[in-house]
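> output the structure for:
(chains A and B)
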Amino acid sequence: MEVNGRAVTTEVDGRMLLSDFLRGVIGLTGTHVGCEHGYCGSCTVLIDGASARSCLMLAAQANGSMVSTVEGLADGEQLSIVQQAFKSCHGLQCGFCTPGLLMAVSEMAAETASSPSRDLIREQLAGNLCRCTGYHQIVDAVEQALGSTSRGPR
Amino acid sequence: MKPPKFRYHAPSSLDEALDLLATYGDDAVVLSGGQSLIPMLNLRLARPAEVVDIARIDGLGYVEAGECSVSVGALVTHRKMETDPEVARLLPMAREAAGLIGFRAIRNRGTVGGSVAHADPSAEWPAVLLALDGSVEMRSSSGVRQVDASDFFKSVFTTARRPDEIVSSVRFGSRFAGNWGFSEFQRRTGDFAVVVAAVACADSSDRSGETRVALAGVADRPVRCAEAEAALADASDPRAAAEAARDAFDPAGDAHGSTAYRKQLVYAQVLRAATQALTRRAGRRPDG
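This next block holds a predicted model:
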């Protein structure tokens, strides 16, 4: 597979989850593991550009795919637009859910042509749980990142 | 949480996959999108010796319109059903249902064939299949067979599929697909639905008055409700249909709701879905 543009070739156990592969085998611990059964969204990565739960995939299933993790978002010291928006809008506190949210929002940013409503943002991010922020600043950050001009009711 | 040990197979052709299933029988499970199987492995609710990953098999990712049906290959994802323009045109109920399955990341990977083969009694696809006179195509190394949705779903996680068979495609009838209604109740966005109602009916000009009311979440498998169908066919009365459906089932209560609560949900979902179907049949757009 290719992870953040780098080719990775290795043999793994059939039962190894992609999340454990990313964290334990190639040392990309930015992908966080929360519930481990697909509910919390912390382990969200992109597989060929589409968001996926890395805890609900075997590493072997990603064979031949392009995997993008939070480590691949920034260009050196330069944060991505989505990361910068989370920073400036205080879209995180403890940061545990943040890698998953950043990846889910990056997927939205890549495919959303017009500025989404706050309702749509909330719907799109329903699969990413955050226990700190109450979501308001996260939605603010997504609005900023996706170029929404009008602020809907919070 | 880690999956138990198993041997992983990634056949590149259907024949190869069918040979594996013929060899290992009950010891093997089929993996497609993995959005039901992998959590079950993580929680060790499933402990298969062999896992056969069919995702690399070509030719199971099609949506193909026939004369009065649409065939959907087993590996078509929920997300494709949600976004495909042909699905939106021919099977608007399927498009609506697809968008309500899990979360975006789940829909990106989960497949129609996987969901149907898994047969969760509150899942969307089985109910949609029943409402649209659907059927399930299965292949094994000894041949191919087509089973009506009404005969396919047997009980919780139990279907007519034999261990040596793969669900290769499902077929949705498109005869009544324009006059449709779909409503479900989830406790939180992305949760499994507590109750799903799917309604389809023949055009007003069609004297048969044929009507389908399918429900999930009320029994150990998706079911049609003949009493509600009769109420709709005879009197075009959504309220009578909703009352009939409420009275027809006694879903078991659990932490997510008592029997009385679930019966009330059945009433509400059937009322909404039946009203939508009749509104569309009259050539109007349903509210909301």
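
> now do the same contact list for the residue in the stretch 51-200 of chain B that chain A sits nearest to.
Residue nearest to chain A within the stretch 51-200 of chain B (CB to the nearest CB): B:F103, separated by 2.6 Å. Every C-beta, even on glycine, is put in place using the N, C-alpha and C of the backbone. Contacts here follow CB atoms under 8 Å, 6 or more residues apart in numbering or on different chains; on that basis B:F103 touches A:G41, A:A126, A:G127, B:T189, B:G190.

> how about the closest residue to it other than its chain neighbours, what does it touch?
Leaving aside its chain neighbours, B:F103 sits nearest to A:G127 (2.6 Å; criterion: CB to CB, 6 or more residues apart in numbering or on different chains). Neighbouring residues of A:G127 by CB under 8 Å, 6+ apart: A:Y39, A:G41, A:T44, A:A104, B:G102, B:F103, B:R104, B:A105, B:I106, B:G190.

> how about a cut-off of 7 Å?
A:G127 makes contact with A:G41, B:F103, B:R104, B:A105, B:I106, B:G190, according to CB atoms under 7 Å, 6 or more residues apart in numbering or on different chains.

> okay, now the third one: neighbour count?
Pointing back at B:R104 there. Using other CB atoms under 10 Å in any protein chain shown, B:R104 has 26 neighbouring residues.

> same question for the last one.
Each residue near B:G190 was counted by other CB under 10 Å, and the total is 20.

> let me know the pLDDT of it.
pLDDT recorded at B:G190 is 85.

> that one against B:L100, yeah?
No - taking contacts as CB atoms under 7 Å, B:G190 lies outside contact range of B:L100: 8.8 Å.

> need the longest helix for the chain.
Using chain A. helix A:98-111 (DSSP state H).

> actually chain B
Max-length helix for chain B by DSSP H is helix B:259-281.

> interface residues of the stretch 51-200 of chain B facing chain A?
Proximity of the stretch 51-200 of chain B to chain A (CB under 7 Å from any CB of the partner chain) is limited to residues B:V51, B:D53, B:A55, B:F103, B:R104, B:A105, B:I106, B:N108, B:R109, B:T189, B:G190.

> B:E64: which element?
strand B:63-65 (DSSP states H and E).

> direction included, what does that strand pair against?
With DSSP bridges as the test, strand B:63-65 is paired with strand B:69-73 (antiparallel).

> what about the partner strand, average pLDDT?
Rounded mean pLDDT across strand B:69-73 is 97.

> now, of the residues of the stretch 51-200 of chain B next to chain A, which are buried?
Using 16 or more other CB atoms under 10 Å in any protein chain shown as the burial test, these include B:V51, B:D53, B:A55, B:F103, B:R104, B:A105, B:I106, B:N108, B:R109, B:G190 as buried.

> sweet, I'm off.
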